[in-house]
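In: Sequence first, then the predicted structure:
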Amino acid sequence: MFRNLFLIGFSFILCFFFFSCGISTGGGDGASGSCQNVLKVHPQKMNLSVELDCPYDSTCDARLLFENMEYSDSLNSCYGNFEYLFVSEKQRLKIHRFEEISVALDSEEHIRFSLLDETNTEKYYDVDLSRIIHSFEVVGDSVKIDMLSAGFSEIRMDCPSSWERCRFDSDYEYVMVGMDSTWSNGFTFDQYLYNQSSMESDSIHVYGKIEFR
C-alpha cells in the first residue's frame, strides 16, 4: 500500500511539473517555446505594431498588428496565441495573434483602446501619434524634420547625394532635407515605445510613411 501511495504521489508531481494533466492556464512546453494553450489572461509582455500612413494634405490611416505575447510562471516561459476582447470608442471584437485591424485616430491624434481578458481585467493603451504626424515643417525651400521631439529611431528617404536611400538615426536632433524632385516627397520612419499600457508591460513598434509634398 505504501508503494502504491508513493507511485501515485510521484506521478502527480511529474504530471504537475510537465503540465500534461490539462491543468495549465496557458503554460508552455518547457523553459521556453510555444505555449500549448490559447492564453486568455494578460501575459507578462505583449508586442504590438502600429502602421501609420499619412498622405500629403490628407487624414492619416492607422493599423494595429497584434504580434507576440510572452507568458511565464515559476515553471514555464513561452510564446503563443492569445484571445482578448479589443474595445475602443467605435469597435468591440475578439483579437488573436497576428491579427491586424484598422483603427481611427481621435481628435488629439491618439489611438486609445483597451484589451480585456477572460477575468475582465482591463489593460488600457494610449498611443500618442501627434508628434509623429507633425514632426516636420517647411522652412523656405527645405523641410525640417524634428527627430528628437518625434522620438524617431530612424527615418529613410531618397536623396540626391547617394544612390542608396539616405538614413538618419536618433543621433540627429533634427535634419534638413530638400523640397525639389531629387528628394522623396516624404519619409519612412521607425519608433520604438517601451513600458506601454496601463500595466507598463508592453512594447509598441510604430512605423510608416509621412508625406510633406
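Out: Good, I have the coordinates.

In: Report the beta-bridge partners for the residue positioned nearest the centre of the chain.
Out: The chain has residue 48 as the residue nearest its centroid, 1.8 Å off, counting by C-alpha atoms, centre = their mean. Beta bridges link residue 48 to residue 66, residue 204, judged by DSSP bridges.

In: show me the contacts for residue 81.
Out: For residue 81, the contacting residues are 35, 38-39, 96-97, by C-beta atoms under 8 Å, 6 or more residues apart in numbering. The way it works is simple: take the backbone N, C-alpha and C, and place the C-beta from them, glycine included.

In: now residue 198
Out: Residue 198 neighbours (C-beta under 8 Å, 6+ apart): 122-125.

In: Helix, strand, or coil at it?
Out: Classification of residue 198 using DSSP: H, G, I helix; E, B strand; the rest coil returns coil.

In: secondary structure class for residue 132?
Out: Three-state call for residue 132 (three-state DSSP): helix.

In: neighbours around it, how many?
Out: 25 (other C-beta atoms under 10 Å).

In: And the pLDDT for it?
Out: Listed pLDDT for residue 132 reads 95.

In: was I right about it contacting residue 209?
Out: No - Residue 132 lies out of contact with residue 209 (C-beta atoms under 8 Å); the separation is 10.7 Å.

In: Save the contacts of residue 81 as a markdown table, and put in distance to residue 171 too.
Out: Shown next, in a markdown table, are these (distance: C-beta to C-beta, whole Å):
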| residue | distance to residue 171 |
| --- | --- |
| 35 | 39 |
| 38 | 43 |
| 39 | 39 |
| 96 | 39 |
| 97 | 35 |
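
In: Buried members of the residues you listed into PyMOL, please.
Out: In PyMOL, this line selects whichever of the contacts of residue 81 come out buried by 16 or more other C-beta atoms under 10 Å:
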select buried, resi 35+39+97
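
In: Determine which two of the contacts of residue 81 are furthest apart.
Out: 35 and 96 (12.7 Å; C-beta to C-beta).

In: Can you report how many residues lie near the spatially closest residue to residue 128 that is not a sequence neighbour?
Out: The shortest distance from residue 128 to any residue other than its chain neighbours is 5.3 Å, reached at residue 110 (C-beta to C-beta, 6 or more residues apart in numbering). Neighbours of residue 110 under the rule other C-beta under 10 Å: 14.
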